[in-house]
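Undergrad: Here's my sequence, what's the structure:
(2 chains)
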Amino acid sequence: MGPSMHVDFASLLRALEETIIPALPAFESLAVEQAHLMRLYLQRLDQQSEYFLHAKLHELKGWFRLLGELRTIAAGAFGSNAEEELLQKAAVLAAVELPSYQEVEQIVDALGELAEEYSRHLVLATHGEKTRGPIHKVLMEHAVNEATRERIWNKFMGFDADSQSLPTLESFFHSEV
Amino acid sequence: MLRLDTCESIVQTHRLREFQILGALQGQLPVPTPYWIDVDGTWLGYPGLIYEFCQGVSRPPQNGQISGPQQGYGEYYRKLLAPQFVNRLADLALASWDESLLTAFDIPRPASNEAALQGVNWWQRVWEEDRIKPVPLMTATAEWLRQNAPVTDRISILHGDYRSGNFLFDLESGDITALLDWELVRFGDRHEDLAYGLNPLYYTWSPEGVKLCGGFLPREEYLARYEARSGLKVDLARLEYYEIFTYWKSVVITLASSARCVVGRKTHQDILVGMSYMIAPTLFQLLCNAMRGKY
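TA: Residues are numbered from 1 along each chain as shown, chains lettered A, B, ... in the order given. Below you'll find the model as predicted:
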């Protein structure tokens, strides 16, 4: 619904570079240094944000491979049921190949524009027709789903008067099909 | 006081309209006296106007907020400001004007639905020009607003952004000294301004836990005072229509124009304007709730 996360990072960086850092007095050397470090840190987060999950999954695959090799060398000398359970879960995740963020984003944008085109045709073509109800039902379901996800995403800002009714990000995404 | 256009803001400003309406309201409402207008930026570099400096504050000094809708007046000032806030809105609905001096406006006819349609057309154009992402329900709602545009009994001057934070008051007496920020002014149905002030986004809570519309009064009291002051009936069906219009317009401003402004790097308040599109989902949820069962 909102613009990409890179826009958020760009806003933070611009505020830091063009408003905050120039306003810091030079004699506040600690603050100036921290502000410049913050800028670098934000730049890094911006560049790497598309790969947070890739990095974690890469780490998982590394440990999984190492354990496989260690277990081969150990030849069954150690082991437990809990270990087997853990390795089964890890095996599932180790087999996952994540698409790139950009690839997903491009498809999302294209799907959205196509859905927009469809709904414009349908909404404008069906004044008083039987299809009006079903069209608006599916548009409403989609809209509520979008609104819920984005409200959860932005809950930390404290603007949402009804935020107590919202699930956590984790439970929302895990309940989604 | 110089009011100069910025490179881009979250609402497009029409300085000539602002200038003309401030002139029309002299002696009727507490508004600054306009002195000069530079419509196309010939003299000031950007379009701008200069008006009288007004005394007063927009918030009590203990509130450190720079800008934003909920100014946190506290109980003492809320009680002083609330009746004035609603009375001024009622006075605005009754204000008179000389049409020959309002050349920048296209004034809709009463006893027609032109007022509502003008509003829908205005903000749908903004949506189409500024949106970053598709949101099919916005198009469907625009169509619903067009199909259900109500007839207006009388045409009034509308402020367009009548809320806490957009007026000055005297700290000692608590009197409202100036109504400000007229950049969205237009002519239309008074229920539009009334509905805008009822937007849950501007709710606050009293110490007793009562929900206060606009941060001032409970809804029923707000509407009753408005009726009593203006002598104009509040039509609940029209009010509901304009509440839906308000949510839809607010989503246009926050989700489309704010995002466009930030993406284009055209604001000096990057983070604040960026926060505006984070409010959009809440407004969008209000729109969904209001539109449920409307088809």
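Undergrad: so where is the chain shaky, pLDDT-wise?
TA: Using chain A here. A:126-131, A:176-177 (pLDDT under 70).
Undergrad: that answer is for a different chain, and I need it for chain B
TA: Within chain B, the stretches with pLDDT under 70 are B:63-71.
Undergrad: interface residues of it facing chain A?
TA: Within reach of chain A by Cβ under 8 Å from any Cβ of the partner chain, chain B has these residues: B:132-137, B:139-140, B:143, B:147, B:200-201, B:203, B:255, B:259, B:262-263, B:265, B:268, B:270-271, B:273-275, B:277-282, B:284-285, B:287-288, B:291-292, B:295. Backbone N, C-alpha and C define where each C-beta goes, glycine included.
Undergrad: Give me the neighbour count for the spatially closest residue to residue B:227 that is not a sequence neighbour.
TA: Nearest residue to residue B:227, sequence neighbours excluded (Cβ to Cβ, 6 or more residues apart in numbering or on different chains): residue B:234, at 5.5 Å. Counted by other Cβ atoms under 10 Å in any protein chain shown, the residues lying close to residue B:234 total 15.
Undergrad: all helices of the stretch 51-200 of chain B, in order?
TA: For the stretch 51-200 of chain B, the helices defined by DSSP state H, counting those that start in this stretch cover B:74-94, B:114-130, B:136-147, B:190-197.
Undergrad: How about residues contacting the longest one?
TA: Translated: helix B:74-94. B:25, B:28-30, B:60, B:62, B:73, B:156-159, B:162, B:164, B:167, B:169, B:173-176, B:179, B:190, B:193-194, B:197, B:206-207, B:212, B:214-217, B:222, B:225-226, B:229-232 (Cβ atoms under 8 Å, 6 or more residues apart in numbering or on different chains).
Undergrad: Determine the angle, from 0 to 180 degrees, between the longest helix seen in chain A and helix B:136-147.
TA: Of all the segments of type helix in chain A, defined by DSSP state H, the longest one is helix A:101-125. Interaxial angle of helix A:101-125 relative to helix B:136-147 (axes from the mean of the first three to the mean of the last three Cα atoms, to 10 degrees): 20 degrees.
Undergrad: Please pull up the helix or strand immediately following helix A:101-125.
TA: helix A:132-153 (DSSP states H and E).
Undergrad: could you flag which of the contacts of helix B:74-94 are buried?
TA: Among these, those buried by neighbour count (16 or more other Cβ atoms under 10 Å in any protein chain shown) are B:25, B:29-30, B:73, B:156-159, B:162, B:164, B:167, B:169, B:176, B:179, B:190, B:193-194, B:197, B:212, B:214-217, B:222, B:225-226, B:229-230, B:232.
Undergrad: quick one on the thing from earlier: got a quick ChimeraX command for the buried subset of the residues of chain B next to chain A?
TA: Applying 16+ other Cβ under 10 Å to these leaves a buried subset, and the ChimeraX line that selects it is:
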select /B:132,133,134,135,136,137,139,140,143,200,201,203,255,259,262,263,270,271,273,274,275,277,278,279,280,281,282,284,285,287,288,291,295
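Undergrad: Where helices are concerned, which of the residues of chain B next to chain A count?
TA: Counted as lying in helices by DSSP H, out of those, are B:136-137, B:139-140, B:143, B:147, B:259, B:262-263, B:270-271, B:273-275, B:277-282, B:284-285, B:287-288, B:291.
Undergrad: thinking again about what came up before, winner for burial among the helices of the stretch 51-200 of chain B?
TA: helix B:190-197 (a mean of 25; mean count of other Cβ atoms under 10 Å in any protein chain shown).
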